[in-house]
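J.: Take this sequence and fold it.
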Amino acid sequence: MKTNLFAGQSMTKKVVLASLLFLMNAMSFAQLNKVYASSQTNRAYGICVACFVQNPENAVGSNETDYSTLLVPIGLLGRTEQTLIFSTTNIIADTNKLVIGIGTDQSILTAQLIGGVSVETFLGDVSNNDYMNINDDVLKLGGTDASRGALELTMNKPFDRVKISLNSGLLNLNGGFRIYYAYQYKDPHISLMAYSKDGQVTLDGNVPVEGSEVALINTSGKEVYRTKLKSKTFESTLPQGVYIMTLTTKEGKAYSRKIMIK
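T.: Next up, the predicted model:
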């Protein structure tokens, strides 16, 4: 009898603990400081009068329930694209993640269904050369609506806009590709900090720095410094001011943030 009682209490504790963890995760997600896209542009390419973006302004702002629709009818050659623009760069906003809410009129969303949809980020009109087709690595599913999902990208390069393109040749998207929203946020598990004093810069955080390469870019967009790190500290003779620091690890991963040289 006692054994059953203890077993029941143990199970109750586990259920309560699991519920608390779920609630904490939900609260943490709800408290994210989201920076939403504030404007948009769109256009269509090819000889295709039926290729266009429907309700384009619905993809802008914090409403995550309405959507724009990129349309390229089956059998027609063309491409439709929408660019969502943020009022500030990820460096100034101090964010490192980009999330794009997407969906279709199909009952179940899969990476295979939308494999002809591409994403590319820009800083102004300059591409970050990160063009990619949607795949399972960036597509997040599992919500209550199986026709919706989200693209989640780790952004290590400065950007202020993202272009989403729907290319012809997709056999399963006659109803169009939906874009619900785009926002940036800071993932607290990715940390790179920099402190400057008397020309000496010290790095901190959980990004591996030994053997990495650091580049500093001035506010005009010109690279003015580059060095390979042997430790978390490097010397700089640059004038005082604000710079964009990009750290590229030995594995080829790049991380950027704003830094004040003092």
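J.: low-scoring pLDDT stretches of this protein, where are they?
T.: 1-31, 75, 169-175 (pLDDT under 70).
J.: those helices in it, which residues are they?
T.: For the chain, helices defined by DSSP state H occupy the ranges 2-30, 90-93.
J.: If we go by neighbour counts, what in stretch 134-144 is buried?
T.: Residues of stretch 134-144 classed as buried: 134, 138-139 (neighbour count, 16 or more other CB atoms under 10 Å). Where you see a C-beta, it was placed from the backbone N, CA and C, and this is true even at glycine.
J.: ugh, wrong one, I meant stretch 112-132
T.: Buried residues in stretch 112-132, defined by neighbour count with 16+ other CB under 10 Å: 113-114, 116-123, 128.
J.: Put the alpha carbons of it into CSV.
T.: The C-alpha trace of stretch 112-132 is given here as CSV (Å, rounded to 0.1, in the frame of the first residue of the first chain):
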residue,chain,number,x,y,z
GLN,A,112,9.0,18.7,-49.8
LEU,A,113,5.8,20.6,-50.6
ILE,A,114,7.5,24.0,-50.5
GLY,A,115,11.0,22.9,-51.7
GLY,A,116,10.9,25.5,-54.6
VAL,A,117,10.5,28.4,-52.1
SER,A,118,13.8,30.3,-51.5
VAL,A,119,15.0,32.7,-48.8
GLU,A,120,17.8,35.3,-49.1
THR,A,121,18.8,38.2,-46.7
PHE,A,122,20.2,41.6,-47.6
LEU,A,123,21.8,44.6,-46.0
GLY,A,124,20.2,47.4,-48.1
ASP,A,125,20.4,46.2,-51.7
VAL,A,126,23.5,44.1,-51.1
SER,A,127,22.9,40.3,-50.8
ASN,A,128,24.5,38.3,-48.0
ASN,A,129,25.0,35.5,-50.5
ASP,A,130,23.0,33.2,-48.3
TYR,A,131,20.3,32.2,-50.8
MET,A,132,18.8,28.9,-49.9
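J.: Find out how far it is from the centre of the chain, if you would.
T.: 11 Å (CA atoms, centre = their mean, to the nearest Å).
J.: Let me see the residues that make contact with that stretch.
T.: Contacts to stretch 112-132, defined as CB atoms under 8 Å, 6 or more residues apart in numbering, come from residues 83, 89, 98, 100, 102, 104, 106, 133-135, 138-139, 151, 153, 155, 157-170, 172-173, 177.
J.: Compute the number of surrounding residues for the residue lying closest to Arg226 once chain neighbours are set aside.
T.: Leaving aside its sequence neighbours, Arg226 sits nearest to Ala215 (CB to CB, 6 or more residues apart in numbering; 4.6 Å). Other residues lying near Ala215 total 17 when counted by other CB atoms under 10 Å.
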